[in-house]
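*Asks:* structure, please.
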Amino acid sequence: MVQRQLEAYNARDLDALMATYADDAQQFEYPAKLLASGAAQLRERFLARFKEPNLHAALLKRTVVGNVVIDHERVTRTFPEGTGAIELAAIYEVRQGRIARASFIFGPKTLDAES
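*Replies:* Reported below is the predicted structural model:
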């Protein structure tokens, strides 16, 4: 399910992406800062992100322990201050075949030289 989520994110396929999340899923900035709760807020968050022309998440490493998947990713983005990338750890909790909770630990942004 987490791999399907990553593929849908990179394809900007909102319907496929939303299908990987439970209807009441929540996203957090680790450990407990709520970013989005429920399908409507997740959809809004993804739609805003999909407006970035260079958006792409590259999987660097994945660890699976039971129903928890931890991805180390490098995400290319367009930040308010310019284009660049950010490394993050994403902790996904899968319940009943869908992502129920996602927590993100964000590393520092790296801006491209021309930004």
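*Asks:* next, the buried residues of stretch 50-58.
*Replies:* Ala57 (16 or more other Cβ atoms under 10 Å). Yep, even glycine has a C-beta here, placed from its N, CA and C like the rest.
*Asks:* what does it contact?
*Replies:* For stretch 50-58, the external contacting residues (Cβ atoms under 8 Å, 6 or more residues apart in numbering) are 6, 9-10, 12, 14, 49, 73-78, 83.
*Asks:* from Leu34, how far out is Glu7?
*Replies:* Relative to Leu34, Glu7 is positioned 26 Å away (Cβ to Cβ, to the nearest Å).
*Asks:* ok, those two, which is more surrounded?
*Replies:* Glu7 (14 against 10; other Cβ atoms under 10 Å).
*Asks:* could you look up the SS state of that one?
*Replies:* helix (DSSP: H, G, I helix; E, B strand; the rest coil).
*Asks:* okay, it: pLDDT?
*Replies:* Looking at Glu7, its pLDDT reads 98.
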